[in-house]
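In: dropping a prediction and its sequence here:
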Amino acid sequence: MSHGKQFTLYTHKRGPNGWKVAMILEELGMTYESIYLDFEKGEHKAPEHTKHNPNGRTPTIIDHKNNDYTLWESDAILLYLVERYDPEHKISVADAGEKFHQLQWLFFQASGQGPYFGEAVHSMRYHSEQLPSAQERYNNEVKRVFGVLESVLSKQEWLVGGKVTIADLSFTPWISRSYGFDLATEFPASADWNSKIRERTSAKKIQKMHDAVNAA
């Protein structure tokens, strides 16, 4: 089967993790086709997708130039992309010790930022009931995560390696949401860091794509 693009990306119009993968593909200059699964129709749980991703969530990639190599879980995808397609380490690190620090931040993003930020938004905007105790819990966790980032970014420009890497880029799509406090006031170093990432060509392109598909 011939593919015009190197990657197929199964994703969601609003889901931050899919946009995170798309941003790294843009950073690396890779060609890809995004397939936006309709969650309301259950397309993410349908056999056409679960044959690639048994977890039935997004994102999922297929690398057609690597024997249709298939991978899911967004931060695992980021690591695959830089290990295979970033030999010059433009957005990754080469030093063995720094690689573990990069991995440390990716684990923190996946286990700390993603779940709590997602639940914070759900409890405020989408839950069938307004539960102040749940909102308070998740908003406090959002602030805790920003506090961790702030403690490091107030002392250095980037999370690892003295340059922007996938460690930094993995956080940004989740920070586009409002959590009921002013980021620049409470966490100024984190706000500056996020703003610098959003000025990158890849981030600007992804934002335009995001706005376009969600306006349709």
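Out: Received, thanks.
In: and stretch 40-47, how far out from the chain middle?
Out: 21 Å (CA atoms, centre = their mean, to the nearest Å).
In: and it, C-alpha only, in PDB?
Out: Extracted as PDB, the C-alpha positions of stretch 40-47 are listed here (Å, rounded to 0.1, in the frame of the first residue of the first chain):
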ATOM      1  CA  GLU A  40     -19.000  10.800  20.300                       C
ATOM      2  CA  LYS A  41     -19.400   8.200  17.600                       C
ATOM      3  CA  GLY A  42     -17.000   5.900  19.400                       C
ATOM      4  CA  GLU A  43     -14.500   5.800  16.600                       C
ATOM      5  CA  HIS A  44     -11.600   5.600  19.000                       C
ATOM      6  CA  LYS A  45     -13.000   2.300  20.300                       C
ATOM      7  CA  ALA A  46     -13.900   0.900  16.900                       C
ATOM      8  CA  PRO A  47     -12.000  -2.100  15.600                       C
END
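In: what mean pLDDT does that stretch get?
Out: Throughout stretch 40-47, pLDDT has a mean value of 95.
In: cool, stretch 5-19 as well?
Out: 95.
In: what residues sit buried inside that stretch?
Out: 6-13, 15-19 (16 or more other CB atoms under 10 Å). For every residue, glycine as well, the C-beta is placed using N, CA and C.
In: out of these, list just those in strands.
Out: Using DSSP state E, the subset of the buried residues of stretch 5-19 located in strands is 7-11.
In: name the nearest residue to Phe108, sequence neighbours excluded.
Out: Val148 (7.3 Å; CB to CB, 6 or more residues apart in numbering).
In: just the helices in the chain please.
Out: 16-27, 47-50, 74-85, 96-108, 114-121, 132-153, 166-169, 183-186, 188-198, 201-215 (DSSP state H).
In: right, so of the ones you listed, which gets closest to Tyr36?
Out: helix 201-215 (6.4 Å; CB to CB).
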